[in-house]
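Trainee: Please work out how this folds:
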Amino acid sequence: MHVTSRVIVVTGGAEGIGRALVERFHKEGAKAIVVADRNAAGAEAVAKSVGGLALACDVGNEADIQKVVSEAESRAGPIDLFCSNAGIGDFGGEPNDAASSPNEQWQRGWQVNVMAHVYAARACLP
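Mentor: Next up is the predicted model:
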């Protein structure tokens, strides 16, 4: 996909792969980049480095995703690419023993790693 002159949202954009995506989209000429992350300070730093917009967001919360989409569209225009990058892998418990992870951590993983994509589709597609 060519991203030149596109409006792009990247969740989990404060560090790691998300930050790399933001930097690459900026390098390729994106019109606007929205950096969404639970780490508000990190999102702000990355957004500032590319002239983008930072928004605090817990992708496991549907209202937060709706807020990001609404704010992005009102400030930058229609979203061309919603890069649902945020994810978690640490579910607590003992190393190499998924069965030892508490149910609350499994639920959090489900919200962030699965439902966040459903929430994004609901917010972006209409």
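Trainee: what's the nearest residue to Glu94 if we skip its chain neighbours?
Mentor: Computed as CB to CB, 6 or more residues apart in numbering, the closest residue to Glu94 that is not its neighbour in sequence is Ser100, at 4.3 Å. C-betas here are computed from N, CA, C, even on glycine.
Trainee: Okay, the one you found and Ser70: tell me how far apart.
Mentor: As judged by CB to CB, to the nearest Å, Ser100 and Ser70 stand 40 Å apart.
Trainee: again with Ile17
Mentor: Ile17 is 25 Å from Ser70, by CB to CB.
Trainee: who's more crowded, these two?
Mentor: Ile17 (14 against 11; other CB atoms under 10 Å).
Trainee: who's in contact with the closest residue to Ala98 other than its chain neighbours?
Mentor: Distances taken as CB to CB, 6+ apart place Phe91 nearest to Ala98, at 6.9 Å, with adjacent residues excluded. Going by CB atoms under 8 Å, 6 or more residues apart in numbering, Phe91 touches 98, 101, 105-106, 108-109.
Trainee: So in this protein, where's the weakest helix or strand by average pLDDT?
Mentor: Lowest mean confidence among the helices and strands of the chain (mean pLDDT, DSSP states H and E): helix 103-110, at a mean of 93.
Trainee: Buried residues, the longest helix along the chain. List them.
Mentor: Counting residues, the longest helix found in the chain (DSSP state H) is helix 62-76. Residues of helix 62-76 classed as buried by neighbour count (16 or more other CB atoms under 10 Å): 62, 64-65, 67-69, 71-73, 76.
Trainee: Would you agree Gly42 is in contact with Gly16?
Mentor: No - using CB atoms under 8 Å, Gly42 makes no contact with Gly16, being 10.2 Å away.
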